[in-house]
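> Test case, fold it:
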Amino acid sequence: MPFVFELYPSIIHNDSDTAQFAGLGSEVSTVAGQKVDQIYSALDSFSAFISSEVEADPNTNWPFVLVRSFSLKAEKTVELVALTNPAVLFMPIVHEEDREGWGSFAMESAPVYYQESLKNEGINYSTVEDLTNITVPFLYTHGRDENWTFTGPIEIQRPGPVLPFWQSYPLWFPVEGLMFNGFDMLVFPEIANQLPTTNLTLRALTTFVQLQDTRPGAKFGDVIVDSQIMQPIVENKKLVGVIIMKLPWIEFFLNLYVDGLTDTIAVIRSSCNIGIGSYFNNTNEMSYLINSTSADFLGQLDAHDPKYDDLVVSRVILDVDVDEADLPEGICVPTLTLDLYPTEELEASFQTSKPKLYTLVVVAIFFFTSLVFVLYDFFVGRRQRKFMARIKRQDQIVSNVFPAAIRDRLYEDEQKGSKHDGLLDPLGAGAAGAGGAPLADLFLETTVVFADIAGFTAWSSAREPAQVFVLLETIYGAFDKHAYRHNVFKVETVGDCYVAVAGLPEPDKDHAMSVCRFARDCLKTMKETTLKLEVSLGPDTSELELRVGVHR
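Down below sits the predicted model:
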């Protein structure tokens, strides 16, 4: 369903003014198109969220769906599209075989929905109990007598699916003394006419709706025309529900925020005649007078002056990509186009001292460009410094984790484009999948040393975590220095266990002697260190001893 947006100016006599309006119209139409896309994207995301939430819950099936925190989620959706007077409705499709269970589902779920909505919307003049007491426990429509007087709810008996009003933002309050939840919305022609096309296309569609003008100064009978967007909710390529949102065009134009927009006529054209029963003249065009601070509905017609036809700025703002050749006869999926036309007031706003303005613009552009280059140079230099600092930190980390020989090989292979996922995948699955080989070497001449602290468990159980940390950090820090001095490679520390090996990654023919010397120094350091820490960590600290095991 495409929407066409047209803008028309009034009297623009010269090429300069014509070009100026063309630029303004292009900006307005571009912003309008982006805003329509934003609205449709937000509704599509909301629909996908509801569908995925139901699919993820094995205890929930259509149509018995309650969207938790619906008011809050709909509010966030409306905020995304910057609408201040929203109306968002969620309605599941209830088939005949599901009607029987609807009453118990509605009475069980409605209080949860009321509670969440009252809380989120800050409503304190009604309670959940009040609203539940006037909730109809079946799918219904309004009964009326020959004088159109309400006689009570009538349970739906007609064949076919029902589209009940279910959840809304804002929360809709009683109509004829009853909550609207469960009311069959297919009694409204605009919804009944829109639903079959939505079911066929599974696309979001838009129609015009005529509403009472509620703006200050409006009289009874004054109308405005808005659009109603019907967003499908789909499960397994089947329509299971819809989201309906009102698109108020006056508010839409007020929120375009285009500087210099003055008294421009906007004509929204549809490729289909859209009408709603006897309350609405079948039409395919609506006109509005818009500027930066106000917008007025001009009627269900093309209100621009034909003498400005050649100045129109036109843009398709909504085009549902559907091949109408695949649709049954009589089904029309409209495209909306926005046409913009100028007015005399707009022309008057163009009569300014343009040469001075152009000079100022050129000077401003020069200074702006100079400033951009200066800032660019500054920020690029700062980014480069940060990048180099980060590279140095990463190099330091790699150097601390890997021996120099391994580090250098990693860098060399990185430059060649090799990948060593095997470092993190010892079984080789990742390396094979990535096309690289694990970085591994065989060392036949090595000696492994294991050292742990005897009595550590009992000692640490009577100490604060900080004291345990001080002991291990002091002892293992001294061990690391011995390891470096004796060419011993520390493998890991696990709790109070210290594991190291000699003979790799650099071969050492005296690996056994290196480990023995390392173990000797560690035993000596252990005794000296525990004696020094006895004052701060307690008298039994000196009783801790180091057990060492060597394997060749």
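> Would you map the strands across the stretch 301-450 of the chain?
Under the criterion DSSP state E, counting those that start in this stretch, the stretch 301-450 of the chain contains strands at 313-318, 335-341, 447-454.
> who are the neighbours of the first one, in terms of helices and strands?
Right, the one you point to is strand 313-318. strand 2-8, helix 15-56, strand 335-341 (3 or more Cβ pairs under 8 Å, 6 or more residues apart in numbering; DSSP states H and E). (Glycine included, C-beta is placed from N, CA and C.)
> Among the strands of the stretch 301-450 of the chain, which comes closest to Pro306?
Smallest distance to Pro306 across those (Cβ to Cβ): 9.7 Å, for strand 335-341.
> Now do that closest one and helix 15-56, the angle between them.
Interaxial angle, strand 335-341 versus helix 15-56 (axes from the mean of the first three to the mean of the last three Cα atoms, to 10 degrees): 150 degrees.
> would you turn the helices and strands packed on strand 313-318 into JSON lines with mean pLDDT and distance to Arg382?
Converted to JSON lines, the helices and strands packed on strand 313-318 look like this (pLDDT from 0 to 100; distance: least, Cβ to Cβ, whole Å):
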{"stretch": "strand 2-8", "mean pLDDT": "49", "distance to Arg382": "44"}
{"stretch": "helix 15-56", "mean pLDDT": "86", "distance to Arg382": "33"}
{"stretch": "strand 335-341", "mean pLDDT": "87", "distance to Arg382": "44"}
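> out of the ones you listed, nearest to Tyr498?
Closest among these, using Cβ to Cβ: helix 15-56, at 48.0 Å.
> what's the distance between stretch 171-191 and the middle of its chain?
31 Å (Cα atoms, centre = their mean, to the nearest Å).
> Ok, stretch 362-373 next?
Worked out by Cα atoms, centre = their mean, stretch 362-373 lies 36 Å from the chain centre.
> got it, and stretch 129-149?
Remark: stretch 129-149 is offset 39 Å from the chain centroid, using Cα atoms, centre = their mean.
> Need the mean per-residue confidence for that stretch.
When pLDDT is averaged over stretch 129-149, the result is 87.
> Between the two ends of it, how far is it?
This stretch, stretch 129-149, spans 27 Å end to end (Cα to Cα, to the nearest Å).
> Could you tell me the angle between the longest helix along the chain and helix 15-56?
Scanning the chain for the helix with the most residues, using DSSP state H, yields helix 354-401. Put simply, helix 354-401 runs at 40 degrees to helix 15-56, going by the same axes, to 10 degrees.
> How is Val234 assigned, secondary-structure-wise?
Classification of Val234 by DSSP: H, G, I helix; E, B strand; the rest coil places it in strand.
> How many residues are close by it?
A total of 13 residues lie near Val234 under the criterion other Cβ atoms under 10 Å.
> which one of the strands of the stretch 301-450 of the chain is the most hemmed in?
Neighbour counts (mean count of other Cβ atoms under 10 Å) averaged over each of the strands of the stretch 301-450 of the chain peak at strand 335-341, with a mean of 26.
> Now do that one against strand 313-318, angle only.
160 degrees.
> roughly how far out does strand 335-341 sit from the chain middle?
The answer for strand 335-341 is 29 Å, by Cα atoms, centre = their mean.
> which helices and strands sit right next to the longest helix of the chain?
Against helix 354-401 (3+ Cβ pairs under 8 Å, 6+ apart) you get helix 404-416.
> tell me the average confidence for the helix it packs on?
Averaged across helix 404-416, pLDDT comes to 67.
> Please, which helix or strand holds Ala106?
helix 99-120 (DSSP states H and E).
> contacting residues around that helix?
Here helix 99-120 makes contact (Cβ atoms under 8 Å, 6 or more residues apart in numbering) with 63-64, 66, 68-72, 75, 94, 123-124, 126-128, 131-132, 135-139, 156, 162, 164, 167, 169-171, 179, 181-182.
> Report the buried residues of it.
Using 16 or more other Cβ atoms under 10 Å as the test for burial, helix 99-120 gives 99, 102, 105-107, 109-110, 113-114, 116-118, 120.
> cool, and stretch 44-51?
Using 16+ other Cβ under 10 Å as the test for burial, stretch 44-51 gives 46-47, 50-51.
> where does the stretch 201-350 of the chain have low pLDDT?
Applying pLDDT under 70 to the stretch 201-350 of the chain flags the ranges 212, 214-215, 218, 221, 273-283, 347, 349-350.
> show me where it has helices.
Here the stretch 201-350 of the chain has its helices, by DSSP state H, counting those that start in this stretch, at 249-254, 344-350.
> Could you dump the ones you listed into TSV with mean neighbour count and distance to Phe297 added?
Listed next are these as TSV, based on neighbours: other Cβ atoms under 10 Å; distance: least, Cβ to Cβ, whole Å:
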stretch	mean neighbour count	distance to Phe297
helix 249-254	20	6
helix 344-350	18	18
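> Can you check which of those helices gets nearest to Asp377?
helix 344-350 (38.9 Å).
> hang on, Ile255 packs against Gln38?
One thing to correct before we go on: residue 255 is Asn, not Ile. No: with contacts counted by Cβ atoms under 8 Å, Asn255 stays clear of Gln38, the gap being 10.8 Å.
> among the helices and strands packed on strand 313-318, which is nearest Gly549?
Proximity of these to Gly549 was assessed by Cβ to Cβ; the nearest stretch is helix 15-56, lying at 53.0 Å.
> Report the buried residues of the next helix or strand after that closest one.
Counting by DSSP H and E, the next helix or strand C-terminal to helix 15-56 is helix 70-80. For helix 70-80, the neighbour count (16+ other Cβ under 10 Å) marks 70-71, 73-75, 77-78 as buried.
> Compute the inter-axis angle for helix 70-80 and helix 15-56.
160 degrees.
> Give the other helices and strands that helix 70-80 contacts.
Short answer (3+ Cβ pairs under 8 Å, 6+ apart): helix 70-80 packs on helix 15-56, strand 88-92, helix 99-120, strand 167-169.
> got the ones you listed as JSON lines, with distance to Val240 columns?
JSON lines is the format used below for the helices and strands packed on helix 70-80 (distance: least, Cβ to Cβ, whole Å):
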{"stretch": "helix 15-56", "distance to Val240": "8"}
{"stretch": "strand 88-92", "distance to Val240": "7"}
{"stretch": "helix 99-120", "distance to Val240": "14"}
{"stretch": "strand 167-169", "distance to Val240": "15"}
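> Out of those, flag the one nearest Ser542.
Proximity to Ser542 (Cβ to Cβ) singles out helix 15-56 among these, at 60.1 Å.
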